[in-house]
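> Sequence and predicted structure, then a few things I'm wondering about:
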Amino acid sequence: MRFTPLALVTCLGLAGGVQAAEPDPYIFDVLALQPYRGNLARLVKTREAPDWVKAIVSQGEGTAVPSKSVDIGGTPYRLDRVCKVHDCAGNTLDVLWAPRGAKVWAALVDGGKPALLLGDPKPPQAKALQEAAAAAPAAPAAAAPAAPAAATPIAPPTADLPASSATAPATMPAAEAPK
């Protein structure tokens, strides 16, 4: 008997009674597809986006969380968050996708500055992006410089130093003279 992959999956699914759950999608899953990748590339290209944002699109670099669905006016939108590698706090990009990636908007938080909305979102999309950006991990507050510790003077030695160690010899011994 010859099994096709579909028949094998069907048999395994019926026999086991349990189907494998789909993994949560990430932004990098959709960036492999058009129009998602092209639309996001155009969005970040129109602004002076930091290098870490450009690397998300061009090289797939970034730290991401699973996508979630956001209902805006009865329409499901996809919301992705990705942040700067090794520096997420205060460096996030929240991306809001219209169905099938037809349009894209984003909220960019760079260096802990207030969110910058990209793509001219309408008020409902802007609200969703602002809420997402507000939920992002904040940049750590700059610590106030610590007050310098009171200098503790080093006390001079109390023992008398031998006379030879108090000053350098006037001449070097012949064995140590440079050649």
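Good, I have the coordinates.

> quick one: residue 94 is in a strand?
Yes: when classified by DSSP: H, G, I helix; E, B strand; the rest coil, residue 94 is found to be part of a strand.

> ok now do it, which residues does it touch?
Neighbouring residues of residue 94 by CB atoms under 8 Å, 6 or more residues apart in numbering: 79-81, 106-107, 115, 129, 132-133, 136. Every residue, glycine included, has its C-beta placed from N, CA and C.

> For it, which non-adjacent residue is closest in space?
residue 132 (4.0 Å; CB to CB, 6 or more residues apart in numbering).

> hang on, that neighbour packs against residue 78?
No: at 11.7 Å, residue 132 does not count as touching residue 78 under the criterion of CB atoms under 8 Å.

> what sits in contact with each of those two?
Common neighbours of residue 132 and residue 78 (criterion: CB under 8 Å, 6+ apart): residue 96.

> Just the C-alphas of the longest strand anywhere in the chain, formatted as CSV.
Counting by DSSP state E, the longest strand found in the chain is strand 75-83. Taking Å, rounded to 0.1, in the frame of the first residue of the first chain, the C-alpha atoms of strand 75-83 are listed here in CSV:
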residue,chain,number,x,y,z
THR,A,75,-11.4,43.8,11.3
PRO,A,76,-8.6,41.5,12.5
TYR,A,77,-5.2,43.1,12.2
ARG,A,78,-1.9,41.4,12.9
LEU,A,79,0.4,43.1,15.5
ASP,A,80,4.0,42.2,15.7
ARG,A,81,6.7,43.4,18.1
VAL,A,82,10.4,43.2,17.4
CYS,A,83,13.2,44.9,19.2
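
> What helices and strands are in contact with it?
In this structure, strand 75-83 packs against helix 27-30, strand 63-64, strand 68-72, strand 92-97, helix 123-134, with contacts taken as 3 or more CB pairs under 8 Å, 6 or more residues apart in numbering; DSSP states H and E.

> how about TSV for those, with distance to residue 45 and mean pLDDT added?
Output for those, formatted as TSV (distance: least, CB to CB, whole Å; pLDDT from 0 to 100):
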stretch	distance to residue 45	mean pLDDT
helix 27-30	17	93
strand 63-64	20	94
strand 68-72	25	96
strand 92-97	14	97
helix 123-134	19	96
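
> Indicate which one of those is closest to residue 43.
strand 92-97 (8.4 Å; CB to CB).
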